[in-house]
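1. Have a look; sequence and predicted model below, questions after that.
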Amino acid sequence: MGDLPVGPDLIIPAAELREQVSTSGGPGGQHANKTSTRVSLRWNVTESAVLTDAQRALLLENLAARLTRDGDLLVHADDTRSQADNRGLARQRLAALLAAALHRPKPRRPTRPTRASQRRRVESKKRRGAVKRGRGRVQDDD
């Protein structure tokens, strides 16, 4: 198991990842009962040496619901009957989870409507009001 690239500025060393295999439920019949194909990948966010303080704070905030008491992030994969495929899936899921948690959305700059759009809006409101006024009672001019 090698290092796990998460993004251009973050690569998790293999020494920080702990992998555990266990038997998996689901399809496979007797094969699933006697082989360990489920892969659990564990990585400690609080003790990682590769994170900056800002990255650590962002991960702890965004992944708070997924972390254990010790600060471990745990990912499971038991989709296939192959341990190697599940290992790859677990690594992909961990990388995707971390990339999503570290993503900072571009801040929205408040904009103002243009003068022409304000004018169009007021004109349409006036037209609509005139239509509604025209729906009143018909008066006799006798």
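-> Here it is on my side, so go on.
2. tell me the centre residue of the chain?
-> The residue lying closest to the centre of the chain (CA atoms, centre = their mean) is residue 100, at 4.7 Å.
3. Next SSE downstream of whichever strand or helix holds it?
-> Element membership for residue 100, per DSSP states H and E: helix 83-102. The C-terminal neighbour of helix 83-102 among helices and strands, as given by DSSP H and E, is helix 115-133.
4. which strands and helices sit next to the helix holding residue 100?
-> Applying 3 or more CB pairs under 8 Å, 6 or more residues apart in numbering; DSSP states H and E, one finds that helix 83-102 makes contact with strand 4-7, strand 10-12, strand 17-22, strand 38-44, helix 53-62, strand 72-77. Quick note: C-beta positions are derived from backbone N, CA and C, even for glycine.
5. Only the buried residues of the longest one, if you could.
-> It stands for helix 53-62. Using 16 or more other CB atoms under 10 Å as the test for burial, helix 53-62 gives 55, 56, 58, 59.
6. One more: the fourth one?
-> For strand 38-44, the buried set under the neighbour-count rule, 16+ other CB under 10 Å, comprises 38, 39, 40, 41, 42, 43.
7. now the third one: how far from residue 106?
-> Here the criterion is CB to CB, to the nearest Å. By it, residue 40 lies 35 Å from residue 106.
8. where does the protein have its least confident helix or strand?
-> Counting by mean pLDDT, DSSP states H and E, the chain has its least confident helix or strand at helix 30-34, which shows a mean of 76.
9. Done for today, thanks.
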